[in-house]
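**Student:** Here is my input, please return the structure:
(one chain, ligands or ions: 1)
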Amino acid sequence: MYDVIVAGARCAGAPLAMLLARAGHRVALVDRASFPSDTMSTHFLWQRGAARLGAWGLLGRLQARGCAPIREITFDVGPAQMSGIGPAVAGVADTYCPRRTVLDALLAEAAEESGAELIEGLVVGDLLWSEGRVTGVRGHRRGSAESALRARVVVGADGLHSTVARRVAARPYREYPALTAVYYSYWSGIAHLGASFHARPGRLILVWPTNDDLTCIYVAWPRQEFGRVRKDVAANFHSALELVPGLRETVASGRREGRLAGTGDLPNLYRASAGPGWALAGDAGHHKDPSTGMGISDAFLTAELLAGAIHDGLAGHQPMDDAVADYQHRRDALTANGFDLALATARLAPLSPRLEAFYHKAAGQPELTRQVFGVLGGTIPMAEVYPIGTSRQR
Ligand SMILES: Cc1cc2nc3c(=O)[nH]c(=O)nc-3n(C[C@H](O)[C@H](O)[C@H](O)COP(=O)(O)OP(=O)(O)OC[C@H]3O[C@@H](n4cnc5c(N)ncnc54)[C@H](O)[C@@H]3O)c2cc1C
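**Tutor:** Numbers count the residues shown, from 1 in each chain. As a prediction, this is how the structure comes out:
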């Protein structure tokens, strides 16, 4: 019998298991994958995400695995460009872009070191119930019989298509259909490009340096163009790069080191994330368009909030069901600005004249530039910096 079973061992599940194990609880951390392994995701990490790694004692370890800090980002909206970085969070001034093979393995390892039992290669298929409460999971390994694990709380940190969410029939709310479709890959030989965001009407192009001197390049199109784009991904990808002067030629001078991975499965939603004996963390409970690169930082946030709530329940400071219900409210409040920003960004709308004027002004004022990066990084609410009424058009 465990105190907590966490299904899913990446950005939400592994830190949650780590924090609960550090607090002295008996935790099983289950994933159908094994680590290190990649997943469909680029991996830009804002200061607030890096600050959590720092607080958990893991930021130095990430750097030691070849993940260099990113100290300047160019934000280019066409008529205006600015370079800078947002305000530091808890003393962490830099952003990072760790490959998921590196980051996720490090997180799973940290959970194990903290005392969580990491169970790889186990697919959670169903939940155990008793008197209306979730009391465990049923899982199976490829080719072997089903097994049952029991716990006081089961957490679904099993991503957008969460089995736990499906089994508890978690109610979705604030639902918006996918707005973008994206493709990305990695190139060697162009590390001098640095980090940049290029917003154009109908396109978003992101360039990030990552581990092994590779550069990750990501292009987003309106979701309705997915069918057309996927007919010839390479041609459409390179033609999008032409929107940024010189980018197509620079990328052509490098070498692509992986496939062009892509998806149009990018819905925007929250799900009810707390119930009797269960909770949801990370993408399982709240998913949004990746254009603003906030999913990992928010997965860390939910891990920390939920670990505190479950600890309060297990330690008897608060009834468990109340503690996890409070977690959901706090998560919703703390992610609301980022959700609005992701929706606004993912609409890939043309700049309004007012917003264009604002960006021109921001480009000439270092403090305003810093605040714009603070908004992009999710540490300053958009309404505090941007002209009112333009939140839908970036
Ligand atoms: C194209 C793309 C680009 C992105 N770029 C960024 C970015 O630059 N920055 C950023 O912050 N975010 C980005 N995101 C978002 C980010 O990937 C997610 O928000 C983040 O991975 C959420 O972490 P998670 O732990 O909740 O879920 P996941 O990373 O999805 O992990 C879920 C885990 O659960 C396991 N699992 C699932 N089902 C089961 C089961 N039944 N039994 C056992 N295990 C199971 C899976 O194997 C997986 O390991 C991007 C997403 C996409 C799609």
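**Student:** List the neighbouring strands of the longest strand belonging to the chain plus their orientation.
**Tutor:** The single longest strand within the chain, with elements called by DSSP state E, is strand 146-156. Strand 146-156 sits in its sheet next to strand 2-7 (parallel), strand 133-140 (antiparallel), strand 278-280 (parallel), going by DSSP bridges.
**Student:** What mean pLDDT does it get?
**Tutor:** Predicted confidence along strand 146-156 averages 97 (mean pLDDT).
**Student:** May I see the buried residues of it?
**Tutor:** Residues 149, 151-156 are the ones in strand 146-156 that count as buried (16 or more other CB atoms under 10 Å). (C-beta placed from N, C-alpha, C; glycine too.)
**Student:** which ones are touching the residue most central in space within the chain?
**Tutor:** Here the mean C-alpha position of the chain is nearest to the C-alpha of Gly295 (CA atoms, centre = their mean), at a distance of 1.8 Å. Residues in contact with Gly295 (CB atoms under 8 Å, 6 or more residues apart in numbering) are 11, 41, 282-283, 287-288.
**Student:** So, low pLDDT: which residues of the protein?
**Tutor:** For the chain, applying pLDDT under 70 flags the ranges 388-394.
**Student:** Backbone dihedrals for the residue of it most remote from its centre, both of them.
**Tutor:** No residue in the chain has its C-alpha farther from the mean C-alpha position than Glu131, which lies at 34.9 Å (CA atoms, centre = their mean). Geometry field for Glu131 lists phi and psi as phi 50, psi 50, criterion degrees, to the nearest 10.
**Student:** Could you name the helices and strands sitting against the helix or strand that comes right after the longest strand of the chain?
**Tutor:** Elements were assigned by DSSP states H and E; along the chain past strand 146-156, the next helix or strand is helix 163-167. Here helix 163-167 touches strand 123-130, strand 146-156, strand 278-280, going by 3 or more CB pairs under 8 Å, 6 or more residues apart in numbering; DSSP states H and E.
**Student:** and the angle for the longest one with strand 123-130?
**Tutor:** By that I understand strand 146-156. Between strand 146-156 and strand 123-130, the angle formed by their directions is 80 degrees, by axes from the mean of the first three to the mean of the last three CA atoms, to 10 degrees.
**Student:** where exactly do the strands run in the stretch 51-200 of the chain?
**Tutor:** Assigned by DSSP state E, counting those that start in this stretch, the strands in the stretch 51-200 of the chain fall at 73-76, 81-84, 117-120, 123-130, 133-140, 146-156, 172-176, 180-188, 195-200.
**Student:** wait, which of those strands is closest to the ligand?
**Tutor:** Shortest separation from the ligand across these is recorded for strand 123-130, at 3.6 Å, computed as CB to the nearest ligand atom.
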